[in-house]
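Asker: 3D model of this:
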Amino acid sequence: MGKTIDLKKGELPAHVKKACKAIADGYVIAIPLEHGYVLAADAFNHDAVREIHVLRGDPLFTAAQVLIATAKTSNGIVREFTPEIVALMKKFWPGMLTMNLLPQGGLGWDLGDDNQLDRISIRVPKSKFVKALLAATGPLAVASAAKPGQPAPRSLNEITIADRVRDLALQFNGGNLRKGPLTTVVEADESGVRVQRIGAISLEEIQNIVPGASAL
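Answerer: Okay, here's the model as predicted:
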């Protein structure tokens with residue numbers, strides 16, 4: 001198993017520097033988000049993203065999620081912005097809103113779906129460490145550090161995705177994460193906003209920003 005770094009000790013810039021090097025070198029690392037640990041890699045490194053899926057045992061054509069540092073970053077990877085999309089980003093980012101949006105054409109990545117879905121699932125997280133990392137690395141492909149269908153691990157000790165977990169370059173320990181809801185997931189384009197999963201943000205909260213939003 002890769003080296004473990006305690007985020008509660010030492011300085012943030014030093015932790016970010018180590019994570020950046022591992023990402024730049026093409027490795028997969030484990031990092032804490034709000035309520036669970038995830039595997040992360042450079043979204044534009046095909047081999048590293050593929051390794052995430054191998055570690056998890058994902059079915060073919062499973063796409064990783066993308067984390068970005070700020071809503072502004074989405075300008076380079078999303079091809080369609082409606083007033084509703086912009087309003088949701090402004091209200092709920094950083095935070096627990098995942099948005100499934102249309103990607104820019106010609107992006108040099110494959111998140112696992114062979115670019116067939118014509119959607120990217122993106123989010124700006126709240127974590128101070130992860131936001132600092134994203135500001136330095138650019139978009140990261142992420143997936144829960146658990147097998148498909150299993151709850152996200154809330155401590156590093158719960159990461160049991162596969163024997164190959166030892167292939168992780170680094171694990172960043174944020175302690176035992178508090179239990180909490182999943183992100184709310186919306187799909188949005190010029191045809192409207194559709195709430196695909198209710199999580200930390202309620203349907204009512206979404207509809208307060210976009211009155212026409214519907215629940216699937």
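Asker: Please make it C-alpha for all contacts and neighbour counts, starting now.
Answerer: Will do.
Asker: Might one say that A69 is in contact with T137?
Answerer: No: counting by C-alpha atoms under 8 Å, A69 sits too far from T137 to count as a contact (9.2 Å).
Asker: and those two? which has more neighbours close in?
Answerer: More neighbours surround A69 than the other of A69 and T137, with 24 against 21 (other C-alpha atoms under 10 Å).
Asker: what's near enough to touch the more buried one?
Answerer: V124, P125, K131, A132, L134, A135, G138, P139 (C-alpha atoms under 8 Å, 6 or more residues apart in numbering).
Asker: Buried only: go through these for me.
Answerer: V124, P125, K131, A132, L134, G138, P139 (16 or more other C-alpha atoms under 10 Å).
Asker: Quick one: list the elements packing against the longest helix belonging to the chain.
Answerer: Counting residues, the longest helix found in the chain (DSSP state H) is helix 12-24. Other elements packing on helix 12-24 under the criterion 3 or more C-alpha pairs under 8 Å, 6 or more residues apart in numbering; DSSP states H and E are strand 29-32, strand 37-42, helix 128-137.
Asker: can you pull the buried residues of it?
Answerer: H15, V16, A19, C20, A22, I23.
Asker: again with stretch 99-109
Answerer: Applying a neighbour-count criterion of 16+ other C-alpha under 10 Å, the buried positions in stretch 99-109 are M99, N100, L101, L102, P103, Q104.
Asker: can you give me the strands for this protein?
Answerer: For the chain, the strands defined by DSSP state E occupy 3-6, 29-32, 37-42, 65-67, 97-101, 120-123, 140-144, 170-173, 184-189, 192-197, 214-215.
Asker: Quick one: distance of stretch 168-184 to the chain centre.
Answerer: With C-alpha atoms, centre = their mean, to the nearest Å as the basis, stretch 168-184 stands 12 Å off its chain's centre.
Asker: isn't M99 right up against D189?
Answerer: No: with contact defined as C-alpha under 8 Å, M99 does not reach D189; the gap is 10.2 Å.
Asker: Show me which of the buried residues of helix 12-24 is closest to W93.
Answerer: Nearest to W93 among these: V16, at 21.3 Å, using C-alpha to C-alpha.
Asker: how close does that closest one get to R194?
Answerer: Using C-alpha to C-alpha, to the nearest Å, V16 is found at 36 Å from R194.
Asker: next one: L111
Answerer: 23 Å.
Asker: higher neighbour count, these two?
Answerer: More crowded of L111 and R194, by other C-alpha under 10 Å: L111, with 25 against 20.
Asker: Now do the more buried one against G212, distance only.
Answerer: With C-alpha to C-alpha as the criterion, L111 and G212 are 30 Å apart.
Asker: just N115 next, same as before
Answerer: Distance from N115 to G212, by C-alpha to C-alpha: 29 Å.
Asker: Kindly report the same for I161.
Answerer: 40 Å.
Asker: Which one's more surrounded, those two?
Answerer: I161 (18 against 13).
Asker: Many thanks, we can stop here.
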